[in-house]
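Trainee: all I have is the shape, not the residue letters:
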């Protein structure tokens, strides 16, 4: 099924994905409740903005799932054809002049899977990923995410070592800091005013290596036209206090989300309690 869908054109995959997103929304009361609860936390009584964000998010979540075969199952050249546009590259050039590594942060929004692929058309990058417990799915992830110019590092001690080595070489690494870490690997910090268990890894990486923080959005263009990578300068420094650093990161993620709230996955369980290792 994965290989078959990889042959479909992106506009068709996005159209099917949007329908799938609405089907899941209609069939799952817990999913509906979660989306609206999270949008309420972020937007309060702004009903118009909340409605726009929720409606967009429902379709975008389905698109994210159906575009994976396109991004993972096609050749690097075919995938790159839809992932070539970058805005804000001057942010990367400014970071390069410092002669240190670059830490790219992006939340669960837009096509975050395309972000590393787009960046890799100009420079290599290593991304953090959570291994899948099912061997067959893990094989797809490892062989598909690790492409020309894109390296992968698992969410464990060996993966952190890979990221540290890359940053110390002056290379680029990327991760999703709004992913809820396991117990003991994060702290509680506000996200849209609500306590959210937040990873401390970004602060540790920056304070250990002096890496520059760059914020990224893998923006999904309408009507299956492809993807665009938008880059913005991140915090100039992160506090050595874990809670303060996590708060800084969450504030940066909030700013990114508010640029395109309709592309954030409001159904993601951002405020859940962490799992034990």
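Mentor: Yep, it's here. Computed from a predicted structure; not experimentally measured.
Trainee: drop to CA atoms for contacts and neighbour counts, all remaining ones
Mentor: Will do.
Trainee: all strands of the stretch 101-250 of the chain, in order?
Mentor: Secondary structure of the stretch 101-250 of the chain (DSSP state E, counting those that start in this stretch): strands at 102-105, 125-129, 150-154, 172-175, 186-191, 194-199, 212-220, 227-233.
Trainee: least reliable of the ones you listed by average pLDDT, please.
Mentor: Among these, strand 150-154 carries the lowest mean pLDDT, at a mean of 87.
Trainee: what does stretch 115-135 contact?
Mentor: For stretch 115-135, the external contacting residues (CA atoms under 8 Å, 6 or more residues apart in numbering) are 80, 83-86, 138, 148-155, 159, 163, 166, 171-176, 216-218, 228-229.
Trainee: circling back to that earlier point, please name whichever of the strands of the stretch 101-250 of the chain is nearest to residue 73.
Mentor: Closest of the strands of the stretch 101-250 of the chain to residue 73 is strand 150-154, at 14.8 Å (criterion: CA to CA).
Trainee: hmm, who's touching the closest one?
Mentor: Outside strand 150-154, the residues within contact range by CA under 8 Å, 6+ apart are 116-117, 120, 124-131, 142, 145-146, 159-160, 162-163.
Trainee: buried subset of those residues as a PyMOL selection?
Mentor: In PyMOL, this line selects whichever of the contacts of strand 150-154 come out buried by 16 or more other CA atoms under 10 Å:
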select buried, resi 116+117+120+124+125+126+127+128+129+131+142+145+146+159+160+162+163
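Trainee: just the buried members of the contacts of stretch 115-135?
Mentor: Taking 16+ other CA under 10 Å as the criterion, what is buried in the contacts of stretch 115-135 is 80, 83-86, 149-155, 159, 163, 166, 171-176, 216-218, 228-229.
Trainee: hmm, back to that, got a markdown table for the strands of the stretch 101-250 of the chain, with distance to residue 42 too?
Mentor: Shown next, in a markdown table, are these (distance: least, CA to CA, whole Å):
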| stretch | distance to residue 42 |
| --- | --- |
| strand 102-105 | 20 |
| strand 125-129 | 26 |
| strand 150-154 | 31 |
| strand 172-175 | 22 |
| strand 186-191 | 8 |
| strand 194-199 | 9 |
| strand 212-220 | 19 |
| strand 227-233 | 22 |
